[in-house]
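Visitor: model the structure of this input:
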Amino acid sequence: MNEVENDEIRQHVRNRYKKIALQDTSSDSCCEPVICCKESSPSVDQMSSKLGYSEEELTVVPVGANLGLGCGNPQAIASLQRGEVVVDLGSGGGFDSFLASRQVGETGKVIGVDMTPEMISKARGNALKSGYQNTEFRLGEIEHLPIADQSVHVIISNCVINLSPDKQQVFNEAYRILKVGGRLAISDVVTTAVLPELIKQDMDALASCVSGASSIGEIEQMLINSGFKDIAIEPKDESRVFIKDWVEGVNIEDYIVSSVIKAVK
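Guide: As a prediction, this is how the structure comes out:
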C-alpha cells in the first residue's frame, strides 16, 4: 500500500471521528462502531461499563470526555505510577488521558495525541474547564508522533492502532519515544479468523475498528520487529458480548475480539 492510499484511509477515519467529536454528547445518543445513534442504543456510560470502567471512573472525568468509544480500559492495565509521563495514542475527547492523569498526579504528565483537529479541540476544552494542569493534547498522527525520543514511561491506547494503515510504523514510533524499561499497555481488537472479503474491503468497517484488525501473530511479530520484549497479548473472550453489536447482519464476534497488549522496551 502506498502513501496516497494510506492518506485516503487516514482521511476517511479522520472524517468519521470529526463527526463524532462534533456530536451532542449531552444526550444519551452515541456512536459505537458501525451502529450510530439508534433509539435502542445504550448510553455512553452503559457502553463504557461493558468495557471495564468503574462507576467512579465514569463520574470523575469532565462531561463530554467519554464518547463511548474503545474496546477496553487501557489505563487500568498500565500500572501507572505517580510522576510518570504517559502518552495516549488516539486520545479522542480525553477520557483515558484524564483518568491516567489522576494516577500520575501533579508530578506526572499525560500527553494525548490525535490526528483529528476537532477531537484535539474537544479534549483541550475539557481539560481547561476542569482544571487539568498535567494533561496536554497534541495534533499528530500516531505513525509520526510529535514527541521527543526516549521521553515517555508508558504508552496507552484504546482501540486505535487497528485504524492505522501502517501499524509497524506505529510500533516503531512507540519504541522510539519510550525510555529504556518503558512499557506499552494498550487495548485493541485482534482477529481470531479471516475476515470476510466484504468486510475487509469496507472503509466504514475499517473506520469502525473492524476490518483493520490484525491477528495476534501479526501484532507479536510487529512488536518484535520494533525491538520490544516481554510481549504479552491476551484476548478477552468476554468482549464478544459488546463486539457482536458492532456490525449488523454479520456475526462479527466470530472474527474479532478485544485484547490486552503489553510489551516493554
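
Visitor: show me what contacts residue 135?
Guide: Residue 135 makes contacts with 94, 97, 98, 101, 109, 110, 111, 112, 127, as judged by C-beta atoms under 8 Å, 6 or more residues apart in numbering. Backbone N, C-alpha and C define where each C-beta goes, glycine included.

Visitor: is it in a bridge, and if so with what?
Guide: Here residue 135 sits in beta bridges with residue 110, going by DSSP bridges.

Visitor: where does the stretch 151-265 of the chain dip in pLDDT?
Guide: 206-208 (pLDDT under 70).

Visitor: please enumerate the strands of the stretch 151-265 of the chain.
Guide: For the stretch 151-265 of the chain, strands defined by DSSP state E, counting those that start in this stretch occupy the ranges 152-158, 178-191, 214-215, 229-236, 256-264.

Visitor: the longest helix seen in the chain: which residues count as buried?
Guide: Counting residues, the longest helix in the chain under DSSP state H turns out to be helix 3-22. Residues 6, 9, 10, 13, 14, 16, 17, 20, 21 are the ones in helix 3-22 that count as buried (16 or more other C-beta atoms under 10 Å).

Visitor: same question for stretch 111-125.
Guide: 111-116, 118-125.

Visitor: keeping just the C-alphas, turn it into CSV.
Guide: Taking C-alpha atoms only, stretch 111-125 is exported to CSV below (Å, rounded to 0.1, in the frame of the first residue of the first chain):
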residue,chain,number,x,y,z
ILE,A,111,0.1,13.7,26.5
GLY,A,112,-2.8,12.8,24.3
VAL,A,113,-2.1,12.6,20.6
ASP,A,114,-4.9,12.6,18.0
MET,A,115,-5.0,13.3,14.2
THR,A,116,-8.4,14.9,14.3
PRO,A,117,-8.4,18.6,15.0
GLU,A,118,-11.9,18.6,16.3
MET,A,119,-11.0,15.9,18.8
ILE,A,120,-8.0,17.9,20.0
SER,A,121,-10.1,21.0,20.4
LYS,A,122,-12.7,19.0,22.4
ALA,A,123,-10.1,17.4,24.7
ARG,A,124,-8.3,20.8,25.3
GLY,A,125,-11.7,22.4,26.1
